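*Asks:* Take a look and give me a structure for this.
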Amino acid sequence: MSVETSTRDVELPSDLVSRIEKLMRAKYEKRPSKVSTGAFIAELIRSSLEKEQAKEMYPQALEEYSVDSQRVYIKDSQRDVVAELYFKDGSDLYCNYDSSKNCVHVGFAMSIPAVQQLQYERKKGN
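*Replies:* Model (predicted):
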């Protein structure tokens with residue numbers, strides 16, 4: 001059985017394409033065969049769509065609620081709370097709800113790219 005794939009041209013902002021190409025080079029620079037930008041973008045979108053569909057089918061216990069330079073808020077559906085986390089001792093996150101630096105809210109927050117970036121910047125600043 002063959003799967004027919006049709007394509008469609010899509011316009012993307014040039015700064016976004018530059019970021020995608022930079023990411024692609026970093027990820028595939030040692031790969032023996034060339035990966036097209038279109039195939040790479042298609043895989044990124046496919047992966048994102050799968051994650052969104054999974055969220056719809058299986059509601060998450062934890063969700064990103066808000067992130068700013070000082071605080072991170074995580075919505076916890078199981079406990080019906082929004083946990084407030086803040087940066088303590090430079091770059092470590094501390095959870096007010098659990099009074100901990102090592103709880104599910106902190107662990108989840110560390111998987112959020114914006115939080116990773118903030119933590120990196122805070123470590124670099126120290």
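*Asks:* so what are the domain limits for this protein?
*Replies:* Taking automatic domain parsing as the criterion, the chain consists of the domains 14-57, 62-125.
*Asks:* and the end-to-end length of the longest one?
*Replies:* When you say that, I think you mean domain 62-125. 29 Å (Cα to Cα, to the nearest Å).
*Asks:* if we can go back for a sec, among the domains of the chain, which is the most enclosed?
*Replies:* Scoring these by mean neighbour count under mean count of other Cβ atoms under 10 Å gives domain 62-125 as the most buried, with a mean of 15. Every C-beta, even on glycine, is put in place using the N, C-alpha and C of the backbone.
*Asks:* Dump the domains of the chain to TSV, plus mean pLDDT and distance to Thr5.
*Replies:* Shown next, in TSV, are the domains of the chain (pLDDT from 0 to 100; distance: least, Cβ to Cβ, whole Å):
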stretch	mean pLDDT	distance to Thr5
domain 14-57	86	9
domain 62-125	92	30
